[in-house]
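# coordinates for the following, if possible.
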Amino acid sequence: MADKPNILFIISDQHNAKVLGGKGHPLVQTPHLDQLASEGVRFDNAIAQCPICTPSRVSYFSGQYCHNHGHYGLCGPNPGGLPNILGYFRSSGYRTGAIGKIHCPEYWIEDDCDYFREVYPSLTPSHWSAYDDYLRDKGLLQDRDDGAYPEQTSPGQGIDGRASRLTYEDSVEGWVARETIVFMRRASDESRPFIVQASLPRPHQVYSPSQPFWDMYPHPEDALPPNADDDLHLKAPHFCEIVADHRAAHFTLFEPRTFEAGRLRKLRGYLGAVSQVDHAVGEMLAWLRQQGLDENTIVIYTSDHGDYACEHGMMEKAPGICSDAITRIPHIWRWPGHLASGHVAEEIIETVDVSATLCALAGLEPLQTSDGHDITALLQGQHAEIHSIGVTEFPWSRSVRKGQYRLVRYAREMFPDEWPGVFGELYDLVQDPWELENLYFEPAYAAVVQELSVDLLDWLMSTTRPVTVLGTYPFGDQQATTRFGCTTNADGKIGPERLRKAGTKIYL
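Below you'll find the predicted structure:
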């Protein structure tokens with residue numbers, strides 16, 4: 001196993017792809033992520049499969065699109081039989097770990113981990129959090145403020161901002177970084193390759209970075225995006241409703257309770273949280289260097305989805321399908337001596353590609369249940385089209401990225417009163433990167449709307465995994481099972497590649 005690379009898969013929650021120092025953001029300081037990108041490959045058009053946590057994470061771990069794994073909400077039952085990359089790598093001799101905000105279906109990840117630490121009791125069936133125990137032992141549990149503010153009088157996650165009462169050392173990010181190092185050290189001491197997901201809960205609300213990171217941004221007004229005061233012309237009705245609620249300052253908890261003051265506190269907290277995440281990443285990378293493990297460790301940094309970061313007057317992420325701020329995510333890979341250094345890839349990739357690529361880089365057979373593609377060529381600095389489109393899914397809506405355009409299609413039943421016909425959104429991200437002008441209803445762009453709509457329909461048909469299909473034949477290997485004349489993979493379905501190899505197209 002000495003020739004197998006280690007894998008440190010760092011995922012943050014709700015990181016807007018524009019909010020990186022290396023991307024030219026006017027204020028944010030992300031020195032460790034910028035260095036990681038300078039030593040590896042940064043993807044500028046990485047698309048999240050879903051704009052909320054659990055579905056996106058299931059896509060990362062399984063490599064499946066949401067319409068195949070079926071998870072569109074939070075938590076949920078175990079997706080019986082669906083393999084994940086931790087279990088697959090574990091069966092190949094790897095030590096496996098998942099630490100932080102894992103937020104997956106019940107016992108799907110826990111059962112495949114040698115070391116599992118979910119930081120939120122409500123997100124695991126056991127309702128146990130080692131981080132809670134840590135704070136309790138130090139007499140600090142009452143000050144925990146990463147899931148909700150102690151001063152809140154109603155349930156939910158506050159989206160106002162303030163400095164944390166906890167030091168960075170006691171913050172959830174500091175704890176996750178240390179626990180990840182504990183796991184990596186144990187695996188290294190055993191001379192075993194490891195794969196670990198370090199899942200950092202921020203910059204997702206609550207926007208309460210520790211004091212040093214809050215103090216880094218005394219003038220958040222200098223980072224208000226150009227679309228912060230968008231007039232919302234031709235925006236989706238549910239989007240406009242949420243923005244109106246935010247502009248009424250209902251989200252504020254602290255004084256002064258005005259929209260202007262509240263959004264600046266949120267933005268200050270968000271920027272501080274990004275820098276706090278960056279600091280935690282730096283601690284893990286420093287440990288790898290100190291132990292001489294960095295050259296044999298694949299490091300990935302990404303996020304499950306983005307955040308508005310005050311774009312369009314929106315303080316939260318919902319409804320995320322509406323905006324590039326949510327559907328596009330930061331995505332960086334580094335493996336010294338094996339992957340390109342300082343390369344920026346403009347090609348579209350998707351979160352489902354992580355599992356397929358890790359299998360390829362580790363020399364493992366690809367998971368037949370994965371919908372993703374191997375992006376090794378891009379990681380080596382080459383140029384190739386991996387996906388013609390990148391799709392983000394909700395049950396009744398889809399966002400489609402292709403070239404310079406992003407289309408959002410909604411089911412007719414979404415807005416029957418406000419838009420009795422069909423409502424949609426189309427943006428030219430080259431001419432209008434802040435998505436201020438919806439071109440969907442412009443006659444000059446009708447052909448673009450039609451093209452992307454057909455692309456989406458074709459994508460849905462050609463990527464869906466059925467349970468049975470006439471014309472397919474039994475195939476025997478370790479990832480397949482034949483029962484009553486039908487051969488399927490571990491998830492009980494037939495993959496698109498098998499359909500493409502079918503002996504007849506009569507039934508396709």
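# what sits against P105?
The contact partners of P105, taken as Cβ atoms under 8 Å, 6 or more residues apart in numbering, are 54, 58, 71, 75-79. Placement of C-beta: from N, CA and C, glycine included.
# alpha carbons of the lengthiest strand in the chain, in PDB - could you do that?
Looking across the chain with DSSP state E, the single longest strand is strand 194-203. Taking C-alpha atoms only, strand 194-203 is exported to PDB below (Å, rounded to 0.1, in the frame of the first residue of the first chain):
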ATOM      1  CA  PHE A 194      -5.800   7.400   4.400                       C
ATOM      2  CA  ILE A 195      -8.700   9.200   3.000                       C
ATOM      3  CA  VAL A 196     -10.400  11.700   5.300                       C
ATOM      4  CA  GLN A 197     -13.000  14.300   4.800                       C
ATOM      5  CA  ALA A 198     -12.400  17.400   7.000                       C
ATOM      6  CA  SER A 199     -15.800  19.200   6.800                       C
ATOM      7  CA  LEU A 200     -15.500  22.700   8.100                       C
ATOM      8  CA  PRO A 201     -19.000  24.100   9.000                       C
ATOM      9  CA  ARG A 202     -18.300  27.700   8.000                       C
ATOM     10  CA  PRO A 203     -18.600  30.100   6.200                       C
END
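# what does the pLDDT read for T504?
Turning to T504, the model gives it a pLDDT of 59.
# over to T472?
72.
# just the one 5 residues further on next, same as before
According to the model's per-residue confidence, D477 sits at a pLDDT of 76.
# sorry, back to before: the longest strand of the chain: how far from the chain's middle?
11 Å (Cα atoms, centre = their mean, to the nearest Å).
# what pairs with it, and is each one parallel or antiparallel?
Next to strand 194-203 in the sheet, as set by DSSP bridges, lie strand 6-13 (parallel), strand 95-100 (parallel).
# now do the same end-to-end measure for stretch 18-36.
Start to finish, the residues bounding stretch 18-36 are 16 Å apart (Cα to Cα, to the nearest Å).
# rewinding a little: mind checking which of the contacts of P105 are in strands?
Among these, no member falls in strands (DSSP E).
# which one (most neighbours) among those residues?
Highest neighbour count within those: V58, with 30 neighbours (other Cβ atoms under 10 Å).
# how about the nearest residue to D374 once chain neighbours are set aside, secondary structure?
Excluding the flanking residues, the one nearest D374 by Cβ to Cβ, 6 or more residues apart in numbering is A360, at 4.4 Å. With DSSP: H, G, I helix; E, B strand; the rest coil as the basis, the three-state label of A360 is helix.
# I figured A360 was touching A377, is that so?
No - using Cβ atoms under 8 Å, A360 is not in contact with A377; the gap is 10.1 Å.
# returning to what we had before: L339 is nearest to which of the strands paired with strand 194-203?
L339 lies closest, by Cβ to Cβ, to one member of the strands paired with strand 194-203: strand 6-13, at 12.9 Å.
# what's the angle from the helix or strand just after that closest one to strand 6-13?
Note on strand 6-13: by DSSP states H and E, the next helix or strand toward the C-terminus is helix 31-38. Orientation check (axes from the mean of the first three to the mean of the last three Cα atoms, to 10 degrees): helix 31-38 against strand 6-13 gives 130 degrees.
# run through who's touching helix 31-38.
Helix 31-38 is touched from outside by 20-22, 278-279, 281-282, 285, 299, 301, 330, 332, 334, 341-342, 344, with contacts defined as Cβ under 8 Å, 6+ apart.
# write the ChimeraX selection for whichever of those are buried.
Of these, the buried ones go into a single ChimeraX selection, burial set by 16 or more other Cβ atoms under 10 Å:
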select :20,21,22,278,279,281,282,285,299,301,330,332,334
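# domain-wise, how is the chain divided?
6-388, 393-463, 465-508 (automatic domain parsing).
# show the average pLDDT along the second one.
In other words, domain 393-463. Rounded mean pLDDT across domain 393-463 is 96.
# flag the shaky bits of the stretch 1-150 of the chain, pLDDT-wise.
For the stretch 1-150 of the chain, residues meeting the criterion pLDDT under 70 lie at 1-2.
# just the element for T392, please.
strand 390-394.
# list the neighbouring strands of that strand plus their orientation.
Strand 390-394 is paired, per DSSP bridges, with strand 397-402 (antiparallel).
# from the contacts of helix 31-38, which is closest to E190?
Using Cβ to Cβ, the contacts of helix 31-38 come closest to E190 at V299, 20.6 Å.
# that closest one: what secondary structure?
Assigned state for V299: strand (three-state reduction, three-state DSSP).
# which stretches in the stretch 251-400 of the chain count as helices?
Here the stretch 251-400 of the chain has its helices, by DSSP state H, counting those that start in this stretch, at 259-290, 324-327, 353-361, 376-379.
# deepest of those helices, which one?
Highest mean neighbour count of the helices of the stretch 251-400 of the chain: helix 324-327, a mean of 26 (counted as mean count of other Cβ atoms under 10 Å).
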